[in-house]
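[1] coords please:
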Amino acid sequence: MPQENYPGADAPMDATDERILVGLATLYDAIDPMPSDLVDRIDFALAVAELEADIAELTRGELVGVRSEETDSVTFTSGSLSLMVTTVRSAHHVRVDGWVTSPGADVDVVGEGVTRTVTADAGGRFSLDEIPRGRAHFVVRREGYRPVITPSMEI
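    Purely as a prediction, here's the structure:
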């Protein structure tokens, strides 16, 4: 419809307009809220695009108990690469013990506000202590291959 059918359409916004917009925003937040993990998913997608990396998928997850500590063990795969990580949680930190099918690969643990890197030994084993608890993902770098990045998980 032509603009002349809406009197005041080109007038500056006033308090009534702002109240209407706030009401609409509140309505949309109530009926269609933003997913709680949307920011993490966007960060992950941007990291993958930036790295031009392959994405590993979670192939197995199980709960493992050791001496009453919280312990999780998961395995990720991508092509010929497998990465198994076991996390042992304390009150504020996590120890990550892992194994990768590519000995000598560099493994990054990318957590909230911290990135730690370790090189797997000749058997593919690695360990990192005092990783802050929270969301994290892993990046595996091997000579001659594209990096492999895992989906984020709560550690």
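
[2] Okay, strands next: where are they in the protein?
    For the chain, the strands defined by DSSP state E cover 54-55, 57-66, 69-78, 81-89, 93-100, 106-111, 114-119, 125-132, 135-141, 148-149, 153-154.

[3] Could you export these as a markdown table, including distance to residue 42, mean pLDDT and mean neighbour count?
    From N, CA and C alone the C-beta is placed, and that goes for glycine too. Shown next, in a markdown table, are the strands of the chain (distance: least, Cβ to Cβ, whole Å; pLDDT from 0 to 100; neighbours: other Cβ atoms under 10 Å):
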| stretch | distance to residue 42 | mean pLDDT | mean neighbour count |
| --- | --- | --- | --- |
| strand 54-55 | 15 | 68 | 15 |
| strand 57-66 | 19 | 53 | 10 |
| strand 69-78 | 21 | 79 | 18 |
| strand 81-89 | 23 | 91 | 20 |
| strand 93-100 | 24 | 93 | 19 |
| strand 106-111 | 15 | 93 | 20 |
| strand 114-119 | 18 | 94 | 13 |
| strand 125-132 | 21 | 92 | 16 |
| strand 135-141 | 13 | 92 | 21 |
| strand 148-149 | 14 | 91 | 24 |
| strand 153-154 | 17 | 86 | 14 |
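
[4] so which of those comes closest to residue 31?
    Set against residue 31 and scored by Cβ to Cβ, the strands of the chain come closest in strand 135-141, at 27.1 Å.

[5] Identify the residues contacting residue 138.
    Each residue near residue 138 by Cβ atoms under 8 Å, 6 or more residues apart in numbering is listed here: 56, 76, 83, 85, 98, 107, 108, 109, 110, 149, 150.

[6] which one of the residues you listed sits closest to residue 117?
    Using Cβ to Cβ, these come closest to residue 117 at residue 108, 5.0 Å.

[7] Adding distance to residue 22, write the strands of the chain out as JSON lines.
    Converted to JSON lines, those look like this (distance: least, Cβ to Cβ, whole Å):
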{"stretch": "strand 54-55", "distance to residue 22": "40"}
{"stretch": "strand 57-66", "distance to residue 22": "41"}
{"stretch": "strand 69-78", "distance to residue 22": "42"}
{"stretch": "strand 81-89", "distance to residue 22": "41"}
{"stretch": "strand 93-100", "distance to residue 22": "41"}
{"stretch": "strand 106-111", "distance to residue 22": "36"}
{"stretch": "strand 114-119", "distance to residue 22": "38"}
{"stretch": "strand 125-132", "distance to residue 22": "36"}
{"stretch": "strand 135-141", "distance to residue 22": "31"}
{"stretch": "strand 148-149", "distance to residue 22": "39"}
{"stretch": "strand 153-154", "distance to residue 22": "34"}
